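# Dropping a prediction and its sequence here:
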2 protein chains.
Amino acid sequence: MIKVVILGGGNVAFHLTKHLLKSNAVTVAQVYNRNLSSIAYLKNEVPITSNINELKEADVYIIAVADNAIAPLSSQLICNNKLVVHTSGGSNLNELKSQSNKGVFYPLQTFSKDREVDFSIIPICIEATNNNDLKILDLLAATISKKIYHINSKQREKLHVAAVFVNNFVNYLYKIGHDICEKEHIPFEILQPLIKETSQKINELTPLASQTGPAKRNDTKTIKKHMAMLTKNQQEIYTLLTNSIYNTYGKKL
Amino acid sequence: MIKVVILGGGNVAFHLTKHLLKSNAVTVAQVYNRNLSSIAYLKNEVPITSNINELKEADVYIIAVADNAIAPLSSQLICNNKLVVHTSGGSNLNELKSQSNKGVFYPLQTFSKDREVDFSIIPICIEATNNNDLKILDLLAATISKKIYHINSKQREKLHVAAVFVNNFVNYLYKIGHDICEKEHIPFEILQPLIKETSQKINELTPLASQTGPAKRNDTKTIKKHMAMLTKNQQEIYTLLTNSIYNTYGKKL
């Protein structure tokens, strides 16, 4: 049985707490948050606190807070021989300033409080400074997910920027599609099967092999027609991505 | 029973033929292609021809060829009182030069020959110049799909450019994610649950509400760190999309 204390009240902490509470191989000894009201919903299930000096004993302390709060919060933790981990994709292991062993427990997913997630398919990227701690994180991750990866801080930084491209930036392109539809009174749902298929295709083909469209085939007539329909910001994005695609495939042909 | 002749041998013609052949409410009278070898696989199921002067009688002639071939091919069709349609998202109805009634039958999806598609959920965008023809296309579309939309040429042009953003450009962002992973020996599959969730989230929330990430929260420290890890082309895309997101949400806050 692994005993954990969770520190944080945001989206990651919310989903992590919920799933670890369900696990038979884990005891959630306590949940801490600076602001008690955002974890008050847990008070009948697990001890909660807003006092950092009253943390209970545990094997692993999971810090699931905003990136810039990892250092100040962890610096207050004195738990020699215990393991303190953060859950951030964008932060080095050394952001942890606790007097303790250190590690990372990064669930690579986008979380919203009001959306259920299937944790069992979420990749958990773990890192530790010694094999024993890595084993503990392996066990902990296995209680909630089937997908566990050993990823070091340098790799995780790269993974985090890759995630920005395939998640944040992709969502912004969806927004542009939504804006164009809205302006023409076209229901956005028309695009949803296409969006779904585009995201599924890359499970079988590489994105390089999946690429289609006017930019790839250098269809200048269509490109010119499209450009005339767009706002200035949309034109900038259209031009840059069209040129990038054209350069990629121009070189390959 | 609607009788159709399909003209074309590409991906759209392939999937359309396959699904119309299965429909009990449609007879595929013939499939035409300039190059007979690419439709030879159909010869035991349906009459095929490469001679445009030997087209059989039908109610609807479906031209599923490259955009720039629609005008030259359709100009050869003399079928008064019959309906000739193209299947292109990016082409006006008037690209059809046939002596006939005219319409559009545009299945909004990305097709690859080696990937099965569930046609029943593919939006079919139809257009015709009179109500009777529109009714025929409604009936025809209903034999293969549950999602039928009446979309005029102006709307369809906009829809087509929106599709470039949410499909072609999104796929290119997946490619950048793939490139970054490959360089660091990180399996791309780690990003796939995130890609899936990003594409599914917008079924419930608008893309505007779904947006997350360093650009939205103006996390300049993370943005700077990310920029230092990217190639020149990746930096250009990162900067433009980050500024676009920041400007969108900066104005909203």
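Looks like it came in fine. Numbers count the residues shown, from 1 in each chain, chains lettered A, B, ... in the order given.

# check contacts around the residue in the stretch 1-150 of chain A that chain B sits nearest to.
Proximity of the stretch 1-150 of chain A to chain B (Cβ to the nearest Cβ) peaks at A:P123, 4.7 Å away. Heads up, the C-betas are built off the backbone N, CA and C, glycines and all. Each residue near A:P123 by Cβ atoms under 8 Å, 6 or more residues apart in numbering or on different chains is listed here: A:107-109, A:145, A:147-149, B:190, B:193.

# Mind checking which of those are in helices?
If you go by DSSP state H, the contacts of A:P123 have B:P193 in helices.

# how about low-confidence regions in the stretch 151-253 of chain A?
Along the stretch 151-253 of chain A, segments meeting pLDDT under 70 span A:251-253.

# In a helix, A:Q235, correct?
Yes - membership of A:Q235 in a helix is supported by DSSP: H, G, I helix; E, B strand; the rest coil.

# List the contacts of the residue nearest to it when sequence neighbours are not counted.
For A:Q235, ignoring the flanking residues on the chain, the nearest one in space by Cβ to Cβ, 6 or more residues apart in numbering or on different chains is A:M227 at 5.8 Å. The neighbourhood of A:M227, defined by Cβ under 8 Å, 6+ apart, consists of A:235, A:238-239.

# Just give me how far the helix or strand encompassing A:T242 sits from the chain centre.
Using DSSP states H and E, A:T242 sits within helix A:232-252. Relative to its chain's centre, helix A:232-252 lies at 27 Å (Cα atoms, centre = their mean, to the nearest Å).

# now stretch A:228-235
With Cα atoms, centre = their mean as the basis, the mean position of stretch A:228-235 lies at 31 Å from the chain mean.

# Any buried residues in that stretch, and which?
Neighbour-count burial for stretch A:228-235, with 16 or more other Cβ atoms under 10 Å in any protein chain shown as criterion, is recorded at A:229-230, A:234.

# Tell me who's in contact with the most far-flung residue of chain A relative to its centre.
Most distant from the centre of chain A: A:K221, at 39.5 Å, with distances by Cα atoms, centre = their mean. Residues in contact with A:K221 (Cβ under 8 Å, 6+ apart) are B:67-68.

# What's the end-to-end length of stretch A:146-160?
21 Å (Cα to Cα, to the nearest Å).

# Please read the previous query as pertaining to stretch A:210-228.
Start-to-end, stretch A:210-228 (Cα to Cα) is 27 Å.

# which residues in the stretch 101-250 of chain A form helices?
Listed in chain order, the helices of the stretch 101-250 of chain A (DSSP state H, counting those that start in this stretch) span residues A:131-142, A:153-163, A:170-183, A:192-201, A:207-210, A:220-227, A:232-252.

# Next, the buried residues of the fifth one.
I take that to be helix A:207-210. If you call a residue buried by 16+ other Cβ under 10 Å, then helix A:207-210 has these buried ones: A:207-208, A:210.

# Quickly list the domain ranges of chain A.
Per automatic domain parsing, the structural domains of chain A span A:2-151, A:156-252.

# Let me know which of these is the nearest to B:V170.
B:V170 lies closest to domain A:156-252 among those, at 5.0 Å (Cβ to Cβ).

# Verify the stated contact: A:R115 with B:K201.
Yes - using Cβ atoms under 8 Å, A:R115 makes contact with B:K201 at a distance of 6.8 Å.

# Between the two, tell me which one has more neighbours.
B:K201 (20 against 15; other Cβ atoms under 10 Å in any protein chain shown).

# Please tell me I have it right and that one contacts A:T110.
Yes - contact criterion Cβ under 8 Å: B:K201 and A:T110 qualify, at 7.2 Å.
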